[in-house]
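Peer 1: Need a 3D model of the sequence below.
(2 chains)
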Amino acid sequence: MDQPAITVSNLTKKFSFTAKEESSGWIKNLFSPVTKEIVAVDGVSFSVEHGERIAFIGPNGAGKSTTIKMLTGILFPTSGTVSILGLDPTKDRKKLAYQIGTVFGQRSQLLPNLPLTDSLEFFGVMYDLPEKIIQKRIVELVDLFDLGSFISQPVRKLSLGQRMRAEVAASLIHKPKIILLDEPTIGLDVVAKKALRDLLIRINKEENTTIFLTSHDVGDIESLCDRTIVINHGSVIKDLPTQDLARSFVYEKFIDLVAEHKFSTFPKLPAGIRYATTNANKITVVVDINKISVQAALIKLLTLFEVEDIDVYNADLETVIRHIYERNSDRA
Amino acid sequence: MANELQFALYAIKKNIQSSAELRTSFLMNVIGMFVNNTAFILLWVFFVKSVGVIGGWTAADIIGLQGYTSLCYGVVFSTCFGIRKIPDYISSGVFDRFMLSPKNLLMRTATSAFSVSSLGDIIFGVVCLCIYAVLIHAGLIQVALMLAIACIASIIFLSAILIINSLSFFFSDSSAVTGSLFELFLTPSLFHGGAFQGAMRFIFTFIIPSLLVGAIPVEIVRDASFEKFLLVGVLAVIWFLFSIYIFNRSVRHYESSNFMTFGS
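Peer 2: Next up is the predicted model:
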């Protein structure tokens, strides 16, 4: 347990593909196409301690899934090293598989035509668990994930929420030390999302399972992960505790102004302040604190509007993440 | 290795159970393939009856040929149909699942799917070979040769489809190409053995092993030829080892895709 659960050093993955050259004819493009290269992951480094809950986030095409696939041994890195529990996924893929669990939200690993219990048993046999242990573990997982009501149904007849719970349960049959989840809540309703998040927190607390997840859902990040790594254009741009994420990037404050009577006009605002929403009862403005302090902004706003109440707050995490993506995108 | 084989057998059992869940489709597939093969063999038998013996091949030999090819097809695709699905697995990204398995990648992939209709091929193949044994008045040695060469021919069939489908790792949307290559291998294996002489026989024995799964096994049994049996045995080992080498090299080119899929 001395070494980190995951250590990634200068991990790079390049993909090459043939591209059509507009200036060439179709025959040249057919027989002598130009080969181009994209860098999907570019020198990524980080480490994860045992029992941590990590959100690995980034916009579409940032390199999240490619990184996860290199961590699990699905893809071979172009360069750099990965060590998961001291194992190299490119050389020890089979050994590593016994130690990790994986869930891909967009893909099912279960046997569609057979009852869910058969899928769980299948995974138990695949991980070489003795029959007695498999049955005991299935009972535990059925209880933990509340699978009892649909355990005997064919997997293809389960709802998406039920199936995702079953997917996570199946990936935990062999008590992996690390579970890697790629968009596990995709397509789930709010109730199913919460249930899945609660379950992941529970297995993290009860079994000290390290959780490494990618998601576009801010709720997953906020409620589940204690650390967030942000990746864009293949590079890690931020790696910090989730609770610091909002604070670290707040260069904007939101101010709600509630009308004493009704707002009838919306005058031009001073530099550094802009309208977010306007209506007769409430105005929300955004203050860029690099240009104007909150105090100065409040003074100016109070000269412009007659207000009954004021509320000053930070941007929510979703807005912060959007800013991070956009800011990095502008630099690219 | 015993552990890997045990799991492979377990996976095959689950595949059959999974297919049998859809009972009507299961039965229709098995019966349909049997009927389809029977129609095909009738066509050949009538052909031989009309034109007479060609290159020493009689109507009984044609039945033996169809028996071997169907049996190889059936045995391989009822146990290792996952190999035939490699192009789909790659294009849909489903292959990821096998990369994440703690089992031997090739065995896990091969035993991941089951072709129901292949059961019809097995039944048809066994029936044909029984008829063939009766027609040629096969003695004990010939029956033993029949069984042994059926196993060896199945290994060659497996090796051929493994090499063909491993090509999918090198280029995208490979289903059409691998399908055509499979037809290039399979079609000559169903053809009248007397049609292959000289260079054609060399090509379809040593370069494309079509004759090794049908025509040559029939000749081995008919002539009780131990020399040919030995040669085919050696070729089977070479093809088998070569196919595993090709698969393992090809996997390194795998570039996982991100299509949304549901399990299979």
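Peer 1: just checking, next helix/strand downstream of the helix or strand hosting B:Val76?
Peer 2: B:Val76 belongs to helix B:59-79 when elements are defined using DSSP states H and E. Per DSSP H and E, the first helix or strand lying C-terminal to helix B:59-79 is helix B:81-84.
Peer 1: So what's the gap between that next one and the chain middle?
Peer 2: 10 Å (CA atoms, centre = their mean, to the nearest Å).
Peer 1: That one packs against which elements?
Peer 2: Using 3 or more CB pairs under 8 Å, 6 or more residues apart in numbering or on different chains; DSSP states H and E as the contact criterion, the secondary-structure elements in contact with helix B:81-84 are helix B:105-110, helix B:140-166. Every residue, glycine included, has its C-beta placed from N, CA and C.
Peer 1: helices and strands around the helix holding B:Val76, which ones?
Peer 2: Counting by 3+ CB pairs under 8 Å, 6+ apart, helix B:59-79 packs on helix B:2-20, helix B:23-51, helix B:117-135, helix B:140-166, helix B:175-190, helix B:215-223.
Peer 1: which residue packs closest to the residue of the stretch 101-250 of chain B found nearest chain A, ignoring adjacent ones?
Peer 2: For the stretch 101-250 of chain B, the residue positioned closest to chain A under CB to the nearest CB is B:Pro102, at a distance of 3.7 Å. Counting by CB to CB, 6 or more residues apart in numbering or on different chains, A:Ala97 is the residue found nearest to B:Pro102 once chain neighbours are left out, at 3.7 Å.
Peer 1: And for B:Leu5?
Peer 2: In this structure, B:Leu5 finds its nearest non-sequential neighbour in B:Met107, 7.9 Å apart by CB to CB, 6+ apart.
Peer 1: got it, and A:Ile231?
Peer 2: When the adjacent residues along the chain are set aside, A:Ile231 lies closest to A:Gly58, with 4.0 Å between them (CB to CB, 6+ apart).
Peer 1: what sits against the residue nearest in space to the middle of chain B?
Peer 2: The centroid of chain B falls nearest to B:Tyr73 when counting by CA atoms, centre = their mean (3.4 Å). B:Tyr73 sits next to B:Ser118, B:Asp121, B:Gly125, B:Phe157, B:Leu186 when contact means CB atoms under 8 Å, 6 or more residues apart in numbering or on different chains.
Peer 1: between those residues, which has the most around it?
Peer 2: Of these, B:Phe157 is surrounded by the most neighbours, 30 neighbours in total, counting by other CB atoms under 10 Å in any protein chain shown.
Peer 1: Isn't that one up against B:Phe77?
Peer 2: No - with the criterion set as CB atoms under 8 Å, B:Phe157 and B:Phe77 do not qualify as a contacting pair; they are 9.1 Å apart.
Peer 1: quick one: buried residues of the lowest-mean-pLDDT helix or strand in chain B?
Peer 2: Among the helical and strand segments of chain B, the one scoring lowest on mean pLDDT, DSSP states H and E is helix B:23-51, with a mean of 77. Neighbour-count burial for helix B:23-51, with 16 or more other CB atoms under 10 Å in any protein chain shown as criterion, is recorded at B:Phe26, B:Asn29, B:Val30, B:Met33, B:Phe34, B:Asn37, B:Ile41, B:Trp44, B:Val45, B:Val48.
Peer 1: Packing partners of that helix?
Peer 2: Helix B:23-51 packs on helix B:2-20, helix B:59-79, helix B:117-135, going by 3+ CB pairs under 8 Å, 6+ apart.
Peer 1: Which of the ones you listed has the highest mean neighbour count?
Peer 2: Comparing the helices and strands packed on helix B:23-51 by mean neighbour count (mean count of other CB atoms under 10 Å in any protein chain shown), helix B:59-79 comes out on top with a mean of 25.
Peer 1: and the gap between the residue nearest to B:Asn15 when sequence neighbours are not counted and A:Leu172?
Peer 2: Ranked by CB to CB, 6+ apart and with sequence neighbours excluded, the top spatial neighbour of B:Asn15 is B:Phe114, at 3.5 Å. When CB to CB, to the nearest Å is the yardstick, B:Phe114 and A:Leu172 sit 27 Å from each other.
Peer 1: cool, and A:Val307?
Peer 2: As for A:Val307, its distance to A:Leu172 is 53 Å (criterion: CB to CB).
Peer 1: So which of the two has more stuff around it?
Peer 2: Neighbour comparison, A:Val307 and A:Leu172: the larger count goes to A:Leu172, with 24 against 18 (by other CB under 10 Å).
Peer 1: Can you tell me the SS state at the spatially closest residue to that one that is not a sequence neighbour?
Peer 2: Nearest residue to A:Leu172 in three dimensions, chain neighbours excluded: A:Gly101, at 5.5 Å (CB to CB, 6+ apart). For A:Gly101, the reduced secondary structure class is strand; criterion used: DSSP: H, G, I helix; E, B strand; the rest coil.
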